[in-house]
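**Q** Predicted model follows, preceded by the sequence.
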Amino acid sequence: MALILTHLEKAIVSLKNAIGIAENPPLDSLEEYLRDSVIRRFEFTFELSWKLMKRWLRLILGDIM
């Protein structure tokens with residue numbers, strides 16, 4: 001079974017781009033990375049909230065089911 005490295009290669013390219021932008025930041029790229037950061041934090045918070053609600057419902061309804 002061969003390893004597929006496509007996602008890792010894309011992640012490395014993205015990291016190199018981010019490092020380059022951090023060293024010499026053009027304004028439009030900073031806005032893009034800020035937007036991406038906000039989206040990622042929203043997704044993370046949403047997932048944690050969803051998992052917490054599922055656990056809570058299992059605690060509440062677990063005795064009924």
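**A** Cool, got the structure. If you're wondering where the values come from, they're calculated on a predicted model, not measured in any experiment.
**Q** what residue lies at the spatial centre of this structure?
**A** Residue closest to the mean C-alpha point of the chain, counted by CA atoms, centre = their mean, is Arg40 at 4.0 Å.
**Q** Which of the helices or strands spans it?
**A** Per DSSP states H and E, Arg40 falls inside helix 27-61.
**Q** Would you mark the buried spots in that helix?
**A** Neighbour counts using 16 or more other CB atoms under 10 Å place no residue of helix 27-61 among the buried ones. Quick note: C-beta positions are derived from backbone N, CA and C, even for glycine.
**Q** likewise stretch 7-14?
**A** Here stretch 7-14 shows no buried residue, counting by 16+ other CB under 10 Å.
**Q** chain center to it: distance?
**A** Here stretch 7-14 is found 15 Å from its chain centre; the criterion is CA atoms, centre = their mean, to the nearest Å.
**Q** and what of stretch 33-43?
**A** The answer for stretch 33-43 is 7 Å, by CA atoms, centre = their mean.
**Q** Show residues contacting that stretch.
**A** Ala18, Ile21 (CB atoms under 8 Å, 6 or more residues apart in numbering).
**Q** Can you dump the C-alpha atoms of it in PDB for me?
**A** Below are the C-alpha coordinates for stretch 33-43, written out as PDB (Å, rounded to 0.1, in the frame of the first residue of the first chain):
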ATOM      1  CA  TYR A  33      -4.900  34.500   7.000                       C
ATOM      2  CA  LEU A  34      -6.800  36.400   9.700                       C
ATOM      3  CA  ARG A  35     -10.100  35.300   8.000                       C
ATOM      4  CA  ASP A  36      -8.900  31.700   7.800                       C
ATOM      5  CA  SER A  37      -7.900  31.900  11.500                       C
ATOM      6  CA  VAL A  38     -11.300  33.100  12.500                       C
ATOM      7  CA  ILE A  39     -13.000  30.400  10.500                       C
ATOM      8  CA  ARG A  40     -10.800  27.700  12.000                       C
ATOM      9  CA  ARG A  41     -11.500  28.900  15.500                       C
ATOM     10  CA  PHE A  42     -15.200  29.000  14.800                       C
ATOM     11  CA  GLU A  43     -15.100  25.400  13.400                       C
END
